[in-house]
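Peer 1: Quick one: sequence plus predicted model below, questions after.
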Amino acid sequence: MKAKEILSKYGIVLVLVIMVGVLCIVSPNFRKPANLMNVLLQACIFGILALGMTLVIIGKGTDLAVGSTLALCAVICASFGQKASASGKIFPNLPEMPVIVPILIALLVGVVVGLVNGSFIAFTGIPAFIATLGMQTIARGFALLYSGGKPVSTLIPAFKTIGSGRVFGFLPVPVLIYLICIAVTWVLLNNTRFGKRVYAIGGNVQAAEVSGINVKKMILLINAYMGLLAGVAAVVFVGRTQSAHPGAATGYELTAIASTTIGGTSQSGGIGTVWGAVVGALIFSVLRNGMTILGIDAYWQQIVEGFVVIIGVVIDMRKNARKA
Amino acid sequence: MKKSIVLLVVVLALAIATVAGAQDYKIGYACNNYNDTFQTYIMGYADEYAKENGVELVLADGRDDEMKQMSDIENFIADGVDALIVIPVNPQGVEPIIDKAADAGIPLIFVNRNPFIDSETAEELEIPEGVYYVGSNEVDAGNFQAEYVVEQLGEDAKCGYVVLMGQLSNTATPGRTGGNKEIFDQYPGYEFLAEQTGNWQRDQAVTIMENWITAYGDNLCAVMANNDEMALGAVEALETAGMKDDVIVAGVDLIDDAIVAIDEGRLDFSAKQDGQGQGEGAVKTAVAVLNGEEVEKWTVIPFIPVSAENVADFK
Amino acid sequence: MANDEYLLRMVDVEKTFPGVRALKGVNLNVKRGEVHALCGENGAGKSTLMKCLIGIQPVTSGQIIFDGKPISKYNTADALNMGISMIHQELSPVEYRPIMENIWLGREPVGKFGLVDHKKMYEDSKQVLKQIDLDVDPKTLMVNLTVAQMQMVEIAKAVSYNAKLIIMDEPSSSLTEREEQQLFTIIRRLKAEGRSIIYISHRLEEIFEVADTVTVFRDGTNVGEAAVKDITTEQLIAMMVGRPMDDMFPKIDTDKEGIVLKVEHLSHHKYFKNVSFEVRKGEILGFAGLVGAGRTEVMETIFGIRPHTEGQIYLHGKPVEIHNPGEAINMGISFLTEDRRGTGIFPLLSIDTNIAIPNYDKYLTKLGLVDQKAVDEACAKYVEAIEIKTPSLKQKIMNLSGGNQQKVLLARWLMTEPDVLILDEPTRGIDVGAKAEIYQLMSELAAQGKCIIMVSSELPEVIGMSDRIVVMHEGKITGILDNGPDITQEVLMRYATGTDDDF
């Protein structure tokens, strides 16, 4: 009974451990420390998005616009971080900015997009699915418009530090940023009134209203936080690719939703954990890294990823069914 | 629960079984996107050539996502490849790729999409140490397309043309488009009507072409498409509108569909992008560098003009 | 057919879930053509037994004999075909499809080419609906029906299966008095046709009105069976709780000093007009009236859920404007809503979160984070004080019985330390034992000086607990009565129906 409970609660962690274990045994290249760090590094961007997505989905929402929000944040961020000598600059007369400027701008743009999403949902009453589906195209359109459809590149060297710098000689900066996001989101969800209210809204929105919770404000805040994390992810993205492409991060919302879902966040709201989102993102990252290293055909990789999402959700549903 | 875990393990085990045995050189081939038909041809030729020559080629699909490609390259390096062949998703953002290859101390060969052309000025840039490019001169393809039109209609013809562009981030796009204009600008009768990006995709080209037919109608006499997929999209739209006979459509790449279409008289022209030359050239370059031979920084694989006259040679 | 008298016999039925023995050897005998009531506290095993009977869950051991034949290992579809139908408490119709498709769901009549024969379906539906006197066009969409009509459709469906045994789980819980009478008429007719009815209910009056036999459940087993005509309400209650209930309504005398809440000429363009009343410290003010009289809407307005068009609310003598529940809570008003599942509990969340949700402001660390330890301590205090039965504070509230859920919600509102506690149908859908505990708690709270407004449709409860009683009829107050020996259910009904009107 006890073992069964642990299995049902931490089953998905077990899947991750088994995956890593099997890969370590069969592939000497996988188990190299440098590669294991790669796995973490490659989980960062959709991992950060999955954190925000967890909040959104617990609150019974969804965000189909995170991919294009990321792209919009990225091109605007990069445009303020170009070298003075870059050709085809968005702002030809802009002097080189200290790196904090493009970073703050990226975060700000993310928050604004999130607030717009939240306003659509809170004040018009349209479902989050529709509001963010619209925003998916709108944000992508703004990204293309802003950049003229072309990538923004030739960035100041500080972005290189963000993308490939190491702290203490081993910890990649993006992983550090991811860890900070995990910690902040964890505290936010577990130790603040805001977090408790997110669960409450997802669990029973009417009861939440009666309990004195300002639901509209909460929806705005939840979406703003998602936008903020999209901005953070955009900064990491720009750092990693040293450029920003308006077509970037297409489909990332689905990876983020899938990671969240594998991690046990219920699409019907009210259930979900931060560690679940982290484990979900890691499973994706391990899968992609491992399959490439094993030389598995790329077409098969996509098929396997799809199955993993379904299996993950099946495990999750069984877990919840047992409790009900 | 247990079943799902078993399933996962089986999937992984199957995957392991497909890994080929070790060979002399192991080279990572990071394709930009398996949905890009022509790129899969180049990859196929590269793979075939590698197998014949005892080189192990590891393949990855960038899914048109630079972050995915970045991860693929990191994974290749972790896997200990001896060299990297990359078709960049974003040719204007290859610095991190170059850095990673340099850190790993392995040669890097870009293929087909040239990162070393300035996207604004179309000037050639310097290629760094340990990095090579194998591909065509994109301007040639544009020139060939426009020259074919002039040859068919005459130097004094009055003719409006449109350009279906590839992705704007791709340096082939300004190269080919510029090549078109370079020729047409020499003849005052040829008027530039419009250009728009179809992102290399056939379906997007159909929509754009339908709109152009509405907008320009009879003024239209030539469609210059940056690739065959989009050219075939234009052909479909023109056929639906009953205008195909009045408009010359030219593509680039000479994919299989294009050969058939030229043979049937639906498509007028294509500049054959020599996929075989590029794919084989990429592997050849990598092996030569690994063997310590002297190698050109830029291996030019020329385009070949193909129309109804010579299409039989390519079937 | 040896046991011809009995349509259904369930013998020594046991059902165990991992870790729980839900049914410990239950026996139930239902005669042909009788209405057999099942009653007992929530969690006594009635629902589990019915789930086993209709094939949702298999029994662990024991025997089920239906219509003279032992039956086992069947699913709900088999049960339907054998003639066992169940009308669930919460109906789940296919809302945007017509009545007829709902009746024949899963066994639509087909004609040539395997296409659905809508004409036959229509005619057959008409036939069945006529049998139960429901005069609605079978093409009407389910969503346009009242709850009572939907229930009738369910009964029609049972009839269409030619059910020999129809199980009704709390069928009257969402019906008006008139609809309830219609239901009883139908039940009597079904009985006259020789069908048997198993009638599950919390409302003892109903059992005495409609049932022939009653079986009482407690702790997963049947503790008694009796012919309804042979027993009294008191005896039945005693059977249910296992002890005599000599004092259901424990009133404590309190000092009623000082008006805390005063409402003047409160109006809403749709639901109520010119409502004025006041509540004093230590007072329990009952609100009686029929469903739809506007009582809940008045309370929702006071609590800031609904806007009012006219009138003024005073707290401690000062005029206040309340725009949302948050403001109401801050001013010391709490509101236990009537719809526990809809607007009360957060089913997936733990008990402590359910209690603390409007109260986190009081338990913050210096950094503004939630002080979970303090929250747990405070919650534990309330759980103990009002005797919420749960193994742990971290238990999900949905795993508790209805009565305990209600107590958790009471704890939630008590923790806000309100001056005015509004309780809307505080004992709806909970068992007799829990009811008594909630009455006890209300009395204690009044004794502590809280003022309590209790909206209730159960007249005995209103009479038993209130100091004064406001009666509403169609959005207007028809009487504000001092409670006393002369206040009977009949008196209240006269005001509630508008026959008497003091204003």
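Peer 2: Sure, I can see it. All values reported here derive from a predicted model rather than from experimental measurement.
Peer 1: which stretches of the stretch 101-250 of chain B form helices?
Peer 2: In order along the chain, the stretch 101-250 of chain B carries the following helices (DSSP state H, counting those that start in this stretch): B:138-153, B:172-184, B:202-216, B:228-240.
Peer 1: quick one: which of those is nearest chain C?
Peer 2: Evaluated over these, closeness to chain C peaks at helix B:202-216, with 35.2 Å, by CB to the nearest CB. In short, each C-beta sits where N, CA and C put it, glycine included.
Peer 1: and the closest one, anywhere near chain A?
Peer 2: No - Helix B:202-216 stays out of contact with chain A when judged by CB under 8 Å from any CB of the partner chain, the minimum separation being 12.8 Å.
Peer 1: Can you tell me what sits against that helix?
Peer 2: For helix B:202-216, contacts defined as CB atoms under 8 Å, 6 or more residues apart in numbering or on different chains pick out B:160, B:162, B:164, B:193-194, B:196, B:198, B:220, B:223, B:225, B:229-234, B:236-238, B:240-241, B:243.
Peer 1: What of stretch B:187-196?
Peer 2: By CB under 8 Å, 6+ apart, the list of residues contacting stretch B:187-196 reads B:149-150, B:155-165, B:177, B:181, B:184, B:208, B:212, B:215-216, B:219-220.
Peer 1: Residue B:288: neighbour count?
Peer 2: Under the neighbour criterion other CB atoms under 10 Å in any protein chain shown, residue B:288 is assigned a count of 16.
Peer 1: contacting residues for it?
Peer 2: Contact analysis of residue B:288 by CB under 8 Å, 6+ apart lists residue B:295.
Peer 1: From chain A, how far out is it?
Peer 2: Here residue B:288 is placed at a distance of 24 Å from chain A (CB to the nearest CB, to the nearest Å).
Peer 1: Secondary structure element for that residue, which one?
Peer 2: Taking DSSP states H and E as the definition, one finds residue B:288 inside helix B:275-290.
Peer 1: List the pairing partners of the first helix or strand past that helix going along the chain within its sheet, with orientation.
Peer 2: Read in the C-terminal direction, the helix or strand following helix B:275-290 is strand B:298-300, with elements assigned using DSSP H and E. Here strand B:298-300 is paired, per DSSP bridges, with strand B:131-135 (parallel).
Peer 1: Write a PyMOL command that selects only the buried members of the contacts of helix B:202-216.
Peer 2: Selection command for PyMOL covering only the buried members of the contacts of helix B:202-216, criterion 16 or more other CB atoms under 10 Å in any protein chain shown:
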select buried, chain B and resi 160+162+164+193+198+220+223+225+229+230+231+232+233+234+236+237+238+241+243
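Peer 1: what about the residue most central in space within chain C, distance to chain B?
Peer 2: For chain C, the residue lying nearest the average C-alpha position, counting by CA atoms, centre = their mean, turns out to be residue C:429 (3.0 Å). Residue C:429 sits at a distance of 36 Å from chain B (criterion: CB to the nearest CB).
Peer 1: Make sure that residue is indeed in a strand.
Peer 2: No - with the criterion set as DSSP: H, G, I helix; E, B strand; the rest coil, the secondary structure at residue C:429 is coil rather than a strand.
Peer 1: Test my guess that residue C:223 contacts residue C:216.
Peer 2: Yes - applying CB atoms under 8 Å as the test, residue C:223 and residue C:216 come out as touching, 5.3 Å apart.
Peer 1: Give the residues shared as contacts by those two.
Peer 2: Applying CB under 8 Å, 6+ apart, one finds that residue C:223 and residue C:216 are jointly contacted by C:40, C:239.
Peer 1: Give me the number of neighbouring residues for residue C:116.
Peer 2: Residue C:116 has 13 neighbours, counted by other CB under 10 Å.
Peer 1: hang on, the earlier thing: neighbour count winner among residue C:223 and residue C:216?
Peer 2: Neighbour tally, residue C:223 and residue C:216, criterion other CB under 10 Å: the higher count belongs to residue C:216, 25 against 14.
Peer 1: Just say helix, strand or coil for the more buried one.
Peer 2: Here residue C:216 is recorded as strand under three-state DSSP.
Peer 1: Please enumerate the strands of the stretch 51-200 of chain A.
Peer 2: All strands of the stretch 51-200 of chain A, identified by DSSP state E, counting those that start in this stretch, fall at A:166-167, A:171-172.
Peer 1: still on that earlier bit, which members of the contacts of stretch B:187-196 are classed as buried?
Peer 2: Neighbour counting by 16+ other CB under 10 Å classes B:149-150, B:159-165, B:177, B:181, B:184, B:208, B:212, B:220 among the contacts of stretch B:187-196 as buried.
Peer 1: one step back: out of the helices of the stretch 101-250 of chain B, which gets nearest to residue C:58?
Peer 2: Nearest to residue C:58 among these is helix B:202-216 (54.2 Å), distances taken as CB to CB.
Peer 1: That closest one: which residues count as buried?
Peer 2: Judged by neighbour count using 16+ other CB under 10 Å, the buried positions of helix B:202-216 are B:202, B:204, B:205, B:206, B:208, B:209, B:210, B:212, B:213.
Peer 1: so it versus helix B:228-240, what angle?
Peer 2: On the basis of axes from the mean of the first three to the mean of the last three CA atoms, to 10 degrees, helix B:202-216 is oriented at 50 degrees to helix B:228-240.
Peer 1: Let me see the contact set for whichever residue of the stretch 51-200 of chain C sits closest to chain B.
Peer 2: The nearest approach of the stretch 51-200 of chain C to chain B comes at residue C:57, 21.4 Å away (CB to the nearest CB). Shown here is residue C:57, whose contacts under the criterion CB under 8 Å, 6+ apart are C:15, C:48, C:51.
Peer 1: The same query, at a cut-off of 6 Å, please.
Peer 2: Listed by CB atoms under 6 Å, 6 or more residues apart in numbering or on different chains, the contact set of residue C:57 reads residue C:51.
Peer 1: With the one 3 residues further on instead?
Peer 2: Residue C:60 makes contact with C:14, C:15, C:16, according to CB under 6 Å, 6+ apart.
Peer 1: Could you list the buried residues of the host helix or strand of the first one?
Peer 2: Residue C:14 is located in strand C:6-17, with elements delineated by DSSP H and E. Judged by neighbour count (16+ other CB under 10 Å), strand C:6-17 contains these buried residues: C:6, C:7, C:8, C:9, C:10, C:13, C:14, C:15.
Peer 1: How about stretch A:165-185?
Peer 2: Judged by neighbour count using 16+ other CB under 10 Å, the buried positions of stretch A:165-185 are A:172, A:173, A:174, A:175, A:176, A:177, A:178, A:181, A:182, A:184, A:185.
Peer 1: and which of the residues you listed is nearest residue A:307?
Peer 2: Set against residue A:307, the nearest of the buried residues of stretch A:165-185 by CB to CB is residue A:178 (26.0 Å).
Peer 1: Let me see the contact set for that closest one.
Peer 2: Residues counted as contacts of residue A:178 (CB under 6 Å, 6+ apart) are A:44, A:47, A:48.
Peer 1: from those, which is closest to residue C:283?
Peer 2: Of all the contacts of residue A:178, the one sitting nearest residue C:283 is residue A:48; the distance, using CB to CB, is 56.0 Å.
Peer 1: and the nearest residue to that closest one once chain neighbours are set aside, backbone torsions?
Peer 2: Nearest residue to residue A:48 in three dimensions, chain neighbours excluded: residue A:233, at 4.4 Å (CB to CB, 6 or more residues apart in numbering or on different chains). In this entry, residue A:233 is assigned phi and psi values of phi -60, psi -40 (degrees, to the nearest 10).
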